[in-house]
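Engineer: Sequence below, structure please.
(2 chains)
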Amino acid sequence: MLNLLIAIPLVAAIAILLGACAKKTALLATALNLILTLFLVFQYDQAKAGYQFTSSVSLIPELKLAYFVGVDGLSLLMLLLTSIVALAAIWVAPQVEKLERYPNLYYASLLFIVAGVTGAFASLDLFFFYAFHELALIPTFLLIGIWGSGDRLGAAWKITIYLALGSFVLLVGLLALYLSLPQAVRTFSIPDLQLLALKGGIPQTPWIYLTLLVGFGTLISLFPFHTWAPSAYASAPAPAAMLHAGVLKKFGLYGLLRVALPLMPQAAHHWTNLLLFLLAGNILYVGLVTIAQKRLDTMLGYSSVMHMGYIFLGIAAFNPLGLTGAALLMFAHGLSIAALFALAGAVRERTGSLEFSKLGGLAKPLPFLGFTFGLAAFAAIGLPGFGNFPAELPIFFSAFSHAGNGLAFSNFQIVGVIALWGVVISSVYMLRGYRASFLGEPNPRWAGIADLCRCTRPAIILLIGVLMIAGFRPQLFVNLVTPTVKTILAAPAK
Amino acid sequence: MNLNPIVLDLAVLALGLVLLLLEAFNEEKEKPFFGWLSIGGIAIVFVLSFFASQQIFVGSSQLAQFYKADALAIFYKRLALGTTLLVLIMALEFRPILSSYLPAARKNAGLGEFFALPVFTCLGLMWMASAADFVMIFVSLELVTISFYVLVSYMRRSSASLEAGVKYLILGALSTGFFVYGITWIFGITGQTNLLAISDALRVLAPASHTAALFGLGLLLIGLGFKIAAAPFQLWVPDVYQGAPTPITALLSVGSKAAGFVVLWRVIEPFLQTPAFAPKLQLILVGLAVLSLIYGNIAALPQSNMKRLLAYSSIAHAGYLLVAIASWKSGQAPVTFSFYLAGYFLMTLLAFLVLIVVNQSTGGDDIANFNGLGQRSPVLALGMTISMLSLAGVPFTVGFLGKFFIFFDAVKTGQWLLVGVGIVTVAAGFYYYLKVLRAMYWNVAKNPSPIVVSPLTRATIGVLIALIFVLGVYPAPVLEMLK
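Structural biologist: Model prediction:
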C-alpha cells in the first residue's frame, strides 16, 4: 500500500520523461495518491495506534539497514498534507503548451519531489528516511534554474548548496547517533530505536542532538540558517514553491518529532534555551524583515520562514499541548502557504510583476483570486475558522504552562509573549501586502486580465476547504496525532 | 569451475600479443576490427573472472609468495577489466578525432596500437592487484606507466597531447625514483622485498630503525601519491588529463587510481597493523586526505573545461578514498574504499563516455559544449546528469552510498577533522558538478540539431546508469565480492 504510494509518482515521472502526456499523467498520479492516502487514513486503526501498513526488505543485514515503510498518525497527517498539496500544485501548474522548454521534465521534476517527500514520511528506516528527502534536492534545482523568475540563478545555487550542506550535517548526526549505540543493538530501524529509547538505552550525548538540530534546522530554515528560503521561494515556479514551502520544509520538523525528540529527549532538554533563542529570531527578526519586503513573493517567502518559529515553540515546549499544536500547525501552515504561493503565482502570470508598487486594485478584475487570497492570508495570520488558529492557540498555552520562578517569567513565557506579538507582526505584513496588491483604485493596466480560470479553481478550493475543516473540526486531526505525541513524551525526559 | 586467477592475466597477455601481431602483419585490415577484437577479448576475460577462485596456491607453490589471489585481488582484476572494456568502447567512438591528429601516411595508420596498448595497461593493472612482493609491484607498475607514456602522447599532431606526454613522463619517472628509493630503504631495514615477510620483520623491528622505516614508507607514499593523484602530488593531473586522448584520460583516472589504491593498501597494511607505526602513518594519511579534499574541491570550482573539471574531481575523490583508508581500524575488512572505487569506476567512466560523444559532435570539451544537451540528446544528458549526481553524492546513487560508508567509518573512528572537511567539500562538490547540469538544461545550445548516438554507446550508457542505481540501493553484490 505505502509502496504503491511512493511508486505511483515515480512511475508517472519516468513515464512522463519517456513521453507520456505530461499534465494528464501527473494529475492522474497525484489524484490516485490522494485517494490512496484517504483510504489509508480511514483504514488506520486508531484504537491500536502504533505503526501500521508496514513492510520491509533487508538490504544490508550487517548494519541492520532495510527498506522499511509504515505509518502512524503523525506520518499519515503529513502524507495527507503531501497528497493534497501535490494534487493542487500539479493542478495549478501551467499547461504543457505554455512551457517553452522541457515541458515533460517540468512535470517529472514535480513528481520526483512528491515521490521523495512521500517516501520520507513513510520510511521507518533512518537511511531511507534521509535518502528520500534528498531526492527532492535536484528537481528543485532544475525547477528554479530552468523555469524560475527573478534572480533564479542565484536562488537555485543558494538553496541547493545550503541544503546539501545541511543534509550532510544531518547525515553525520544520524551516523553519530547510530554509532553511539552499543554494537549489539545498532539498528537503522526507527521503531526499534524508539523501543530502545523507552528503556533508556540511547546515550544522550548533547552534541549529537545539536548536530541533528542544525541539520534539520537548516532544512526547516531555522534562524540563522534560513537565508536560502525566501529567495528560493520567490524565484521558484508556483508549484515548486507550493511543494517546497508547503510540504518539503515540514520534513525537518517531522524529523525532529520522529527521530530527534523521541530518541534523545534529555539531550534535547540540554539545548532548550538555545532553541528558544533561535526561534525567537525566527519570529521577531524574520517577522520584522517580512514587514520590510517590497514584493509579494519575497514577503510570502519570509512569512513562511517566520511561521516555522511557532512550530519550533510547540516542539521546544515538549508537552502534549505543544507537540499536538506543532503537528497541527505543520499541516495547516502547509496548506495555507501552498494556497498563497499558488495565488501569487497566478497574479504574477497576469501582471508580470509582484512588486507592491506596481500592483494595486487587483480585487476588481480578479474577484475570485482576491477573495481566496484574502482567506488564505487570514488563515496564515491565524484567525479562527482556519486550521492555523486551533494549532497556534495550544502552542501559546504550552509555552505559558512552563511557569517561571514566582513572579518572574520563565524563558518560555518570554518567548511566548514574543510569539503573541508575532501574530500582530504577521497581521501587519499580510494585511499590508493584501492592501497593496488587491485593494485601492484599479490600475488601468488591468483592463484585459481575466480571473482564475474555472478549471483551476477547484485546486484552491481544495486547499482552503481542508483548512476550514481543520479550523472547525480540529479534533479529527488531533485524534490522529495524539498517540504519536504520547509515545514521544513517554521517553524519560530528565 | 575453479579457474586459477593467473589464467586471467595470461589470457589478457595473449590477447595483447595477438592484437600486436595482427596489426603488424595485416596492413589492409579495417581498423575497427581491432577495436571489436579487443573489446570481445576483454569481455570474455571479464566474464571468466567470475569463475576465478581465491587462494588457489596457498602456501603450496613458490609463486604464492609473489602472487596474491585473494578476494581483493580478483575484485581489482575485475575493475581493471571493466575499465579497459569501457575505455576500448570509448576508443571506438574516439577514432575520428584520433586519426585527425595522426600523421596520415596511409588511412587508419597507427590506430591498431591504440587498441592493443590499453590491453597491456590492463595486464599491468591486473598484475598490480595480485602483486605481493616489491619486485612484482615495481614491474607491474612500470608496465602500466610505460604504456601510459605512449598512450598519453598518442595524438602526435596535438601539441597539448605531446605536452601532456612529456609532463607525465618526467613526473612519472620522478615518482618511480621515489618509489624505488623507498623500496631500497625498506629492504635495507628488513632485508625483505616480500610484503608478508616485511610484515613479520616490522613487528620485531628494533626501535632504533623505526625512523628509517618511516622514511622508507614516506618515500613509497610519495611514489604512490603520484599514481592515485593525491595532493600534494597532483601537479601533473590537470594538464595530463586535458591533453591526453579522452579514452586514455578515463583509463588514467579510473584504472590507474584503482590499481594505485590496491597497491597503496597492500604496502601500508603491514605498517597499519604494527602499533609502533599505525598512529604516525594515520596522521600522514589524514594530512594527505585533507589536502586532497580541499585542493581538489576548491580548485574544481572555477573550471570551465570538462576534462580539467574531471581531473580536479579525480583529486577530490582520491581525498575521499584516503579518508576511508585513514579511518581504517585493525580487524576490519578493507571494504569501504574498494566499494567507493567500484562506484567511482561506474560514474566517472559514464561521464567520460558522454564527454567523448559530445566532443565529437561539438568539437570541444568545454562545459559550454554541453549547452542545451538536454534538447539535443536526452540520452546523453540523462547519462551525464546521473553521473554528475552520483559524483556529487545524491542518495540512491552508488556515489552517495560510497560517501555514506566513508562518513560511517570516519565517524566510527572519531576522525572529526576529516568529517568536518568532508562535509564542506561535499557541498562544494555540489556546485561544480551541478554546473554541468546547468549547462545542459538551463542554457541554450547554439546549434540545436540532435546528436546521433551509436547503439553500442547507448546500451553502455543504459547499463552504467542501471548499475549506478542498483548498487546505490543494494550494495550486497559488491560487498559479497570483497569477502
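
Engineer: alpha carbons only for contacts and neighbour counts from here, please
Structural biologist: Will do.

Engineer: Tell me where the model's unsure across chain B.
Structural biologist: B:1, B:27-31, B:55-61, B:104-110 (pLDDT under 70).

Engineer: Distance of the closest residue to residue A:38 other than its chain neighbours relative to chain B?
Structural biologist: Leaving aside its chain neighbours, residue A:38 sits nearest to residue A:80 (7.2 Å; criterion: CA to CA, 6 or more residues apart in numbering or on different chains). From residue A:80 over to chain B the distance is 25 Å, taken as CA to the nearest CA, to the nearest Å.

Engineer: and residue A:80, what is it in contact with?
Structural biologist: A:34, A:37-38 (CA atoms under 8 Å, 6 or more residues apart in numbering or on different chains).

Engineer: now those in TSV, with secondary structure?
Structural biologist: As requested, the contacts of residue A:80 are exported to TSV (DSSP: H, G, I helix; E, B strand; the rest coil):
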residue	secondary structure
A:34	helix
A:37	helix
A:38	helix
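
Engineer: List only those of those residues flagged as buried.
Structural biologist: A:34, A:37-38 (16 or more other CA atoms under 10 Å in any protein chain shown).

Engineer: list the contacts for the residue in the stretch 251-400 of chain B that chain A sits nearest to?
Structural biologist: With CA to the nearest CA as the measure, residue B:395 is the residue of the stretch 251-400 of chain B nearest to chain A, at 5.1 Å. Neighbouring residues of residue B:395 by CA under 8 Å, 6+ apart: A:131-132, A:134-135, B:401, B:472.

Engineer: what packs against the longest helix seen in chain B?
Structural biologist: With secondary structure taken from DSSP state H, chain B has its longest helix at helix B:159-190. Secondary-structure packing of helix B:159-190 (3 or more CA pairs under 8 Å, 6 or more residues apart in numbering or on different chains; DSSP states H and E): helix B:134-152, helix B:195-203, helix B:210-228, helix B:237-243.

Engineer: can you rerun that using 6 Å?
Structural biologist: helix B:210-228, helix B:237-243 (3 or more CA pairs under 6 Å, 6 or more residues apart in numbering or on different chains; DSSP states H and E).

Engineer: Would you convert those helices into JSON lines that also reports distance to chain A?
Structural biologist: Conversion of the helices and strands packed on helix B:159-190 to JSON lines gives the following (distance: least, CA to the nearest CA, whole Å):
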{"stretch": "helix B:210-228", "distance to chain A": "26"}
{"stretch": "helix B:237-243", "distance to chain A": "25"}
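
Engineer: for the ones you listed, which one ends up most surrounded?
Structural biologist: Each of the helices and strands packed on helix B:159-190 was scored by mean neighbour count; the highest is helix B:237-243, a mean of 23, by mean count of other CA atoms under 10 Å in any protein chain shown.

Engineer: Could you tell me the per-residue confidence at the residue in the stretch 151-300 of chain A that chain B sits nearest to?
Structural biologist: Per CA to the nearest CA, residue A:165 is where the stretch 151-300 of chain A lies closest to chain B, at 5.2 Å. pLDDT recorded at residue A:165 is 91.

Engineer: host element of residue 430?
Structural biologist: Just so you know, I chose chain A. Per DSSP states H and E, residue A:430 falls inside helix A:411-438.

Engineer: You answered for a different chain; I wanted chain B.
Structural biologist: helix B:416-437.

Engineer: how about that helix against chain A, any contact?
Structural biologist: Yes: Helix B:416-437 comes into contact with chain A (CA under 6 Å from any CA of the partner chain), by way of B:423, B:427.

Engineer: Off-centre distance for that helix?
Structural biologist: 21 Å (CA atoms, centre = their mean, to the nearest Å).

Engineer: what comes up buried for that helix?
Structural biologist: B:418-419, B:422-437.

Engineer: Same question for stretch A:347-354.
Structural biologist: For stretch A:347-354, by 16+ other CA under 10 Å, it's A:347-348, A:350, A:353-354.

Engineer: returning to what we had before: after the helix holding residue A:430, which helix or strand is next?
Structural biologist: With DSSP H and E, the next secondary element past helix A:411-438 is helix A:457-472.

Engineer: May I see the buried residues of stretch B:37-47?
Structural biologist: B:37-39, B:41-43, B:45-46.

Engineer: Chain A: which of these is nearest?
Structural biologist: Nearest member of the buried residues of stretch B:37-47 to chain A, counting by CA to the nearest CA, is residue B:46, at 26.4 Å.

Engineer: quick one: that closest one and residue B:350, what's the gap?
Structural biologist: Applying CA to CA, to the nearest Å, the value for residue B:46 to residue B:350 is 18 Å.

Engineer: With residue B:16 instead?
Structural biologist: 25 Å.

Engineer: and if you look at residue A:42?
Structural biologist: 47 Å.

Engineer: Show me which pair in the buried residues of stretch A:347-354 is furthest apart.
Structural biologist: A:350 and A:354 (10.0 Å; CA to CA).

Engineer: Past whichever helix in chain A runs longest, which element shows up next along the chain?
Structural biologist: Determined from DSSP H, the single longest helix within chain A is helix A:320-351. Next in sequence after helix A:320-351, counting helices and strands by DSSP H and E, comes helix A:367-381.

Engineer: Report the mean per-residue pLDDT for the helix or strand following that following helix.
Structural biologist: As assigned by DSSP H and E, the chain's next helix or strand after helix A:367-381 is helix A:388-400. Averaged over helix A:388-400, pLDDT sits at 90.

Engineer: where exactly do the helices run in the stretch 251-400 of chain B?
Structural biologist: Secondary structure of the stretch 251-400 of chain B by DSSP state H, counting those that start in this stretch: the helices cover B:257-273, B:278-300, B:306-326, B:336-362, B:373-376, B:378-392, B:398-412.

Engineer: Deepest-packed of these, please.
Structural biologist: When the helices of the stretch 251-400 of chain B are compared using mean count of other CA under 10 Å, helix B:306-326 is most buried, at a mean of 27.

Engineer: angle of that helix against helix B:336-362?
Structural biologist: Angle, helix B:306-326 to helix B:336-362, by axes from the mean of the first three to the mean of the last three CA atoms, to 10 degrees: 180 degrees.

Engineer: ok, residues contacting helix B:306-326?
Structural biologist: Contacting residues not belonging to helix B:306-326 are listed as B:229-230, B:238, B:242, B:282, B:285-286, B:289, B:292-293, B:296-297, B:300, B:303, B:337, B:365-367, B:406 [CA atoms under 6 Å, 6 or more residues apart in numbering or on different chains].

Engineer: Residue numbers of the stretch 201-350 of chain A in contact with chain B?
Structural biologist: Near chain B, when you scan the stretch 201-350 of chain A using CA under 6 Å from any CA, you find nothing.

Engineer: could you pull out the helices for the stretch 201-350 of chain A?
Structural biologist: Going by DSSP H, counting those that start in this stretch, the stretch 201-350 of chain A shows helices at A:206-220, A:228-235, A:238-243, A:250-255, A:261-263, A:265-270, A:272-280, A:286-291, A:296-317, A:320-351.

Engineer: contacting residues around residue A:9?
Structural biologist: A:29, A:111, A:115.

Engineer: Redo those residues as JSON lines? Include secondary structure, pLDDT and neighbour count.
Structural biologist: Output for the contacts of residue A:9, formatted as JSON lines (DSSP: H, G, I helix; E, B strand; the rest coil; pLDDT from 0 to 100; neighbours: other CA atoms under 10 Å in any protein chain shown):
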{"residue": "A:29", "secondary structure": "helix", "pLDDT": "91", "neighbour count": "24"}
{"residue": "A:111", "secondary structure": "helix", "pLDDT": "92", "neighbour count": "28"}
{"residue": "A:115", "secondary structure": "helix", "pLDDT": "93", "neighbour count": "27"}
